[in-house]
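> 3D model of this:
(one chain, ligands or ions: 1)
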Amino acid sequence: MKIGILISGRGSNMVALVDAVKSGEIPDSEVVVVISDKAAAAGLEKARERGIETVVIGRNNRSRTEHDEDIVRELLSRGVELICLAGYMRLLSPDFIRAFPNKVVNIHPSLLPSFPGLNVQQQAIDHGVKISGCTVHFVDENLDAGPIILQKAVEVKDGDTAETLAARILEQEHGTYVEAVRQIVTGRVRIEGRRTFFDTPAETAVGKR
Ligand code: GAR
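Below you'll find the predicted structure:
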């Protein structure tokens, strides 16, 4: 399966996915492009070091729709079949989602539906939750709202700051994202309404070729 990854910054989840594809942990796949909306994203260099083509597509004061059209074109021209958002900090336009139905996944550093949006570790601490974590989900037209694929819980400790909690959640994100993508590319994930199920016959799976 041809995978495209969208980033805006550090790119540690992107690195985890690229390395898992290279090692075969995510089988029969290739990361064909890493696209960033920010030229300064540190992840770009990490992708290039791993031999992955990188493309920067800045917003440049254009509308979300115009910006996304460029990204969709780059993805389609490379035959991308699965798009992984990895710290990509922009909402996708409805046209983008329609171009890749059930083919865009995201990782978010909270247990959705709690704490969508930004600064979510601080939101979790301020709310006083004892457990947070990360969520891998399909992306639909609403913010952090599509069907959930995998979640991993992380304890919120008394002395946590947003930074210490973010670091402990991030440790869990990499393996969780790799496992979710592995399940998708091996044809095991099926969506029914808001719910997803694993170990399904290949003919009904999301992302079948
Ligand atoms: C990760 O914690 C990811 O879950 C989060 O940004 C960080 C990116 O780190 N994503 C979001 O908040 C998306 N709403 P990375 O660039 O090192 O993968």
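> dihedrals phi and psi, residue 152?
Comment: the main-chain dihedrals of residue 152 come out as phi -130, psi 130, following degrees, to the nearest 10.
> wait, residue 173
phi -60, psi -40.
> how near is it to residue 105?
With distances taken as C-beta to C-beta, to the nearest Å, residue 173 is found 13 Å from residue 105. For the C-beta atoms, the positions are set from N, CA and C on the backbone; glycine is no exception.
> in contact with residue 92, which residues?
68, 104, 139 (C-beta atoms under 8 Å, 6 or more residues apart in numbering).
> filter those to the buried ones?
By neighbour count, with 16 or more other C-beta atoms under 10 Å, the contacts of residue 92 hold 68, 104, 139 as buried.
> so who does the closest residue to the ligand within the chain touch?
As assessed by C-beta to the nearest ligand atom, the ligand sits closest to residue 87 within the chain, at 2.7 Å. By C-beta under 8 Å, 6+ apart, the residues touching residue 87 are 7-14, 43, 107.
> now with 7 Å, please.
Under the criterion of C-beta atoms under 7 Å, 6 or more residues apart in numbering, the contact list for residue 87 reads 7-11, 13.
> next one: residue 140
Under the criterion of C-beta under 7 Å, 6+ apart, the contact partners of residue 140 comprise 97, 146.
> could you number the chain from 808 rather than 1 from now on?
Got it, first residue is 808 now, which makes that one residue 947.
> what helix or strand is the residue nearest to residue 885 when sequence neighbours are not counted located in?
Of all residues not flanking residue 885 in the chain, residue 839 sits nearest, at 4.8 Å (C-beta to C-beta, 6 or more residues apart in numbering). Residue 839 belongs to strand 837-843 when assigned by DSSP states H and E.
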